[in-house]
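> Return a 3D structure for these sequence lines:
(2 chains)
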Amino acid sequence: MRYVTQKGTKDILPSEIHNWQIAEQTFADVCHSFGYEEIRIPTFEQTDLFQRGVGDTTDVVTKEMYTFEDKGGRSITLRPEGTAGVVRSYIEKGMSSLPVPVRMFYNITAFRYEKMAKGRFREFHQFGLEAFGAKGPDIDAEIISVVDVFFRKMGLQNIALHINSIGCPNCRGEYTKLLKDYFRPHVASMCEDCQARFEKNPLRMIDCKVDGGKDIVKNAPRLIDYLCDDCKEHFEGLKARLEAIGISYTIDPNIVRGLDYYTRTVFEFVSENVGTQGTICGGGRYDGLVGTMEGPETPGIGFAMGVERLLLEAEAQGVLKEKPSYVKIYIASMSEAAKIEALKICYALRNAGIGCETDMAGRSFKAQMKYAGKQGIPYLAVIGDDELNSGEVKVKNMADGSETPVKLSGIGEFLAGN
RNA sequence: GUGGGAUUAGUUCAGUUGGUUAGAGCGCUAGUUUGUGGCACUAGAUAUCAUGGGUUCGAAUCCCAUAUCCCACCCCA
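Next up, the predicted model:
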């Protein structure tokens, strides 16, 4: 039996981990600069949390969750996203008593049982953040600018920001009636999904990819034109703030988003390089969520970014970084006694925080040289009888071939100065 | 869930109309006279040809099933 990675899972290999680490560190740095602090939540929660939080009519909940019964008979689900868990923690740990806004970011794996496609996995990674307690558009503009700054720091360009407002329960209720009246005469001619949507969630009909090209859908009334005064003012406020900061956007009335908890502001950052899975980052406001989870009524907003898609985009834009050499020096040895000395030197260097390697494979002297060269280790020192006697070694710069005599005990000091 | 393409060494790929011991590049190991690498040259190791059936004197090659991967749709990050 040859064991292989399971469908939808991936090994992240040493050869590619470097860019993951850069992205993780950059995201954390940017979040910190906005006052967000990291939260780590469990990988699984009780199933009900997601049914309630994400919405039990959504695709994510109805057909994509990894749900199982544990040995204690509890229904457990591997998190399909991060918001529900963070909201649970916010309520459970009494964070509503903290000064607002309560800002948190996270870096998680998430799990969805889906058919594979480019940029889509069953176990995948998300960077995300949530902010609780701020109801005005300032915070909407803030989290969007977190993404904008993050992309800049990553060297990414031309990732389009699409924004929309899907209103609040008030204006959405009115609009849904309007939409049903509009679609009623046409339902029969539309796709099966839309016929189902007509009854359950007519809002989704305007997002339909099958019927989306038809005039019926194109000319449908748009929610954004029927917002209540408060929602309209909120959206206008967001637009004004984005313009003031200098973040360009396009209004995309078709963004509906598939998670039930969204209200008012929704947004996506979209690229053309990630296949049809062009959404690198998606998020929005969820003013009702904390309340429906039986916490104190608290406005909230957040986003999640697909890390695999982010790195796909980084690759397409050619901004991935070369793997650095963590090992600064290779100590080659010519004899058993020299090898022992090399081990001692390496131990001292590592205690001084300097990466080094010496032969572990029983290689010949020549083969040790080749190994050091192939690994791209920038410095080399050879220990043989001469060095053991003199207590001095020539440290060679592999890039230019220059050699510098250094005391055996002074290698660390020499490297620290270069 | 629907449609299309693919699966041969660690990896990327050749492999003729079915015909002897299945090849190459990269990578790996060693050597090119034993105190200086990258390049070059030489040699070497590594393949249940995805899995299970079938057709045939004979299958990597043809047929069926299954699995996995890729692309598109759907949905999302």
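> a helix runs through residue A:344, doesn't it?
Yes: under DSSP: H, G, I helix; E, B strand; the rest coil, residue A:344 falls within a helix.
> That one and RNA strand B, how far apart?
From residue A:344 across to RNA strand B, the span is 17 Å (CB to the nearest atom of the strand, to the nearest Å). Quick note: C-beta positions are derived from backbone N, CA and C, even for glycine.
> quick one: pLDDT of that residue?
On the pLDDT scale, residue A:344 is placed at 95.
> measure it to residue A:350 for me?
Distance, residue A:344 to residue A:350, by CB to CB, to the nearest Å: 11 Å.
> Neighbour count: those two, which is higher?
residue A:344 (15 against 12; other CB atoms under 10 Å).
> Compute the distance between the more buried one and residue A:254, please.
The value you get for residue A:344 to residue A:254, if CB to CB is used, is 67 Å.
> what about residue A:365, how many neighbours?
Counted with other CB under 10 Å, residue A:365 comes out at 14.
> Quick one: residues contacting it.
A:332-334, A:382 (CB atoms under 8 Å, 6 or more residues apart in numbering).
> quick one: the helices in the stretch 201-350 of chain A?
For the stretch 201-350 of chain A, the helices defined by DSSP state H, counting those that start in this stretch cover A:215-218, A:229-245, A:289-292, A:307-316, A:336-351.
> do the stretch 1-150 of chain A as well
Under DSSP H, counting those that start in this stretch, the stretch 1-150 of chain A gives helices at A:17-33, A:47-54, A:59-63, A:83-92, A:137-154.
> can I get these in TSV with mean neighbour count and mean pLDDT?
TSV is the format used below for those (neighbours: other CB atoms under 10 Å; pLDDT from 0 to 100):
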stretch	mean neighbour count	mean pLDDT
helix A:17-33	16	96
helix A:47-54	20	90
helix A:59-63	15	79
helix A:83-92	22	97
helix A:137-154	21	97
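> And those: which comes nearest residue A:418?
helix A:17-33 (22.0 Å; CB to CB).
> Other residues contacting that closest one?
With contacts defined as CB under 8 Å, 6+ apart, helix A:17-33 is touched by A:12, A:37-38, A:105, A:107, A:127, A:129, A:146, A:149-150, A:153-154, A:305, A:307, A:310-311, A:314, A:320-324.
> now do stretch A:98-108
Counting by CB under 8 Å, 6+ apart, A:24, A:27-28, A:31, A:34-41, A:43, A:79, A:82, A:86, A:90, A:95-96, A:125-134, A:139, A:307 sit against stretch A:98-108.
> hmm, that stretch in reach of RNA strand B?
No: no part of stretch A:98-108 sits near RNA strand B under the criterion CB under 7 Å from any atom of the strand; the closest distance found is 10.7 Å.
> Tabulate the CA atom coordinates of that stretch in PDB.
Extracted in PDB, the C-alpha atoms of stretch A:98-108 (Å, rounded to 0.1, in the frame of the first residue of the first chain):
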ATOM      1  CA  LEU A  98     -14.100  45.100  26.600                       C
ATOM      2  CA  PRO A  99     -13.700  48.500  25.100                       C
ATOM      3  CA  VAL A 100     -15.000  48.700  21.600                       C
ATOM      4  CA  PRO A 101     -14.000  47.900  19.000                       C
ATOM      5  CA  VAL A 102     -12.900  44.400  19.900                       C
ATOM      6  CA  ARG A 103     -10.400  43.600  17.100                       C
ATOM      7  CA  MET A 104      -9.100  40.100  16.500                       C
ATOM      8  CA  PHE A 105      -7.400  38.400  13.600                       C
ATOM      9  CA  TYR A 106      -6.700  34.700  12.900                       C
ATOM     10  CA  ASN A 107      -4.800  32.300  10.700                       C
ATOM     11  CA  ILE A 108      -6.600  29.000  10.500                       C
END
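> what pLDDT, on average, does it get?
Rounded mean pLDDT across stretch A:98-108 is 97.
> Tell me the buried residues in it?
Across stretch A:98-108, burial judged by 16 or more other CB atoms under 10 Å covers A:101-108.
> Closest to residue A:60 out of these?
Of the buried residues of stretch A:98-108, the one sitting nearest to residue A:60 (CB to CB) turns out to be residue A:108, at 15.0 Å.
> Can you check my assumption that residue A:394 lies in a strand?
Yes: secondary structure of residue A:394 (three-state DSSP): part of a strand.
> Settle this for me: it is touching residue A:403, isn't it.
Yes: if you go by CB atoms under 8 Å, residue A:394 and residue A:403 touch, sitting 4.3 Å apart.
> how about stretch A:278-296 against RNA strand B, any contact?
Yes: judged by CB under 7 Å from any atom of the strand, stretch A:278-296 comes into contact with RNA strand B at A:278-282.
> Buried subset of those residues, written for PyMOL?
Paste this into PyMOL to select the buried members of the residues of stretch A:278-296 next to RNA strand B, with burial taken from 16+ other CB under 10 Å:
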select buried, chain A and resi 278+279+280+281+282
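> of all the residues of stretch A:278-296 next to RNA strand B, which comes closest to residue A:5?
residue A:280 (23.7 Å).
> Specify the local secondary structure of residue A:405.
Residue A:405 ends up strand, using three-state DSSP.
> Kindly apply the preceding question to residue A:357 instead.
strand.
> which ones are touching it?
A:327, A:329-331, A:346, A:372, A:375, A:377.
> Kindly report the same for residue A:324.
Residue A:324 neighbours (CB under 8 Å, 6+ apart): residue A:18.
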